[in-house]
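> turn this into a model:
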Amino acid sequence: AHFKTMRYFKGKIPVYFRGDSTLLDATKGIKILLRRIALRYIYRYVDKAFYVGTNNKAYYLAHGLNENQLLFAPHAIDNDRFGRNYIENREKAKKQRKEFGFSDDDVVFLFVGKFECKKNPLLLLKIAKQIPRAKFLFVGQGELEIQMKQESGKNVYFLPFQNQTQMPVIYRVGDVLVLPSSYDETWGLAVNEAMACGRAVVVSDRVGCAVDLVEQEKNGYIFTLGDEFFFRKVLKQFVDNKEKIIQMGDFSKQKIQMWSFESISMAIEKELT
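As a prediction, the model looks like this:
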């Protein structure tokens, strides 16, 4: 349907395209080569494309678009909705932490998303067993839920999927958001949401937003998928360093302001006016 639309309007009116695909999961082989050829043909019918981040830009360049055709319109969430009512949401989060039995000194690592292989929650669950002094809160549901609950230790807690209205509080229940995805994570908007709530973040290098949103040792860490030693080391160092977590969270909140709905609107308006 997209291709038919682009072919119909090409040459009649400007055709603009926006997506968030990346090359992070690209492999070698004849199927990939044929797909690359097909996509290069399809993108001939695009006049300009709005890219959402560094990895997305590389994807467009690899499929035949040039620099002059690319316009930056960042991937974003409603920063204001997650950032406002700070005091109220903080107090609600403190209350919920107490309900779980978390103390003010506890460091809580938070996972938010579907319990499925591509999100890689089993890796975080494995690390949880190796850091018994920390708390781990998994928020979501999915095909791995039964296995995760069977294999979880005393420092692991679960919440089912939460209504979006509750998420500004949920992110504040945790101290550090962890997204250890192994594939098919073209961006990872949970990272945007956590940063808007002033949280530190730890993500794998297969998360599309990592290169743009995570600055090593400033607002979090990026670990190479498969490097469990570094991943565990990163999480361990947070356990006795609440001050560092708070500093990273503050940096996150400042950095994410540029990745906003307003920035998207301005990019589109600038091009079309």
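> what residues does stretch 138-145 touch?
For stretch 138-145, the external contacting residues (C-beta atoms under 8 Å, 6 or more residues apart in numbering) are 110-117, 119, 121-122, 124-125, 148, 156-162, 170. All C-beta spots, glycine's among them, are computed from the backbone N, C-alpha and C.
> which of those residues fall within helices?
Within those, residues falling in helices by DSSP state H are 121, 122, 124, 125, 148, 170.
> what packs against the helix or strand where residue 252 lies?
Element membership of residue 252, judged by DSSP states H and E, is helix 242-255. Here helix 242-255 touches helix 189-196, strand 200-204, helix 228-238, going by 3 or more C-beta pairs under 8 Å, 6 or more residues apart in numbering; DSSP states H and E.
> cutoff 10 Å now
If contacts are counted by 3 or more C-beta pairs under 10 Å, 6 or more residues apart in numbering; DSSP states H and E, helix 242-255 sits against helix 79-83, strand 176-179, helix 189-196, strand 200-204, helix 210-213, strand 220-223, helix 228-238.
> what is the nearest of the ones in helices among the contacts of stretch 138-145 to residue 31?
Ranked by distance to residue 31 (C-beta to C-beta), the ones in helices among the contacts of stretch 138-145 are led by residue 122 at 27.8 Å.
> am I right that residue 58 is in contact with residue 67?
No. Contact between residue 58 and residue 67 fails when scored by C-beta atoms under 10 Å: they sit 11.7 Å apart.
> report the contact partners of residue 99.
Counting by C-beta atoms under 10 Å, 6 or more residues apart in numbering, residue 99 touches residue 173.
> tell me the secondary structure for it?
What DSSP: H, G, I helix; E, B strand; the rest coil gives for residue 99 is helix.
> the closest residue to residue 196 other than its chain neighbours: neighbour count?
Nearest residue to residue 196, sequence neighbours excluded (C-beta to C-beta, 6 or more residues apart in numbering): residue 82, at 3.8 Å. The number of residues packed near residue 82 is 23, by other C-beta atoms under 10 Å.
> low-confidence ranges, the stretch 151-273 of the chain, go.
Nowhere does the stretch 151-273 of the chain drop to pLDDT under 70.
> switch the cut-off to 90
Applying pLDDT under 90 to the stretch 151-273 of the chain flags residues 240, 272-273.
> what's in contact with whatever helix or strand comes next after the helix holding residue 252?
Remark: after helix 242-255, the chain's next helix or strand is helix 261-272, criterion DSSP H and E. Residues outside helix 261-272 that contact it (C-beta under 10 Å, 6+ apart) are 14, 16, 18, 48, 50-52, 71-80, 257, 260.
> wait, isn't residue 130 in contact with residue 236?
Yes. Using C-beta under 10 Å, residue 130 is in contact with residue 236, at 8.3 Å.
> list the contacts for residue 7?
By C-beta under 10 Å, 6+ apart, the contact set of residue 7 is 15, 42, 44, 45.
> just the buried ones among the residues you listed, please.
15, 42, 45 (16 or more other C-beta atoms under 10 Å).
> next, the first one: phi, psi?
If I follow you right, that is residue 15. phi -110, psi 120 (degrees, to the nearest 10).
> number of nearby residues for the residue nearest to it when sequence neighbours are not counted?
Leaving aside its sequence neighbours, residue 15 sits nearest to residue 47 (C-beta to C-beta, 6+ apart; 4.8 Å). Neighbourhood size, residue 47 [other C-beta under 10 Å]: 15.
> quick one: classify residue 41 as helix, strand or coil.
With three-state DSSP as the basis, residue 41 sits in helix.
> distance check, it against residue 79.
38 Å (C-beta to C-beta, to the nearest Å).
> so those two - more neighbours on which side?
Ranked by neighbour count (other C-beta under 10 Å), residue 41 and residue 79 place residue 79 first, with 22 against 12.
> thanks a lot, see you next time.
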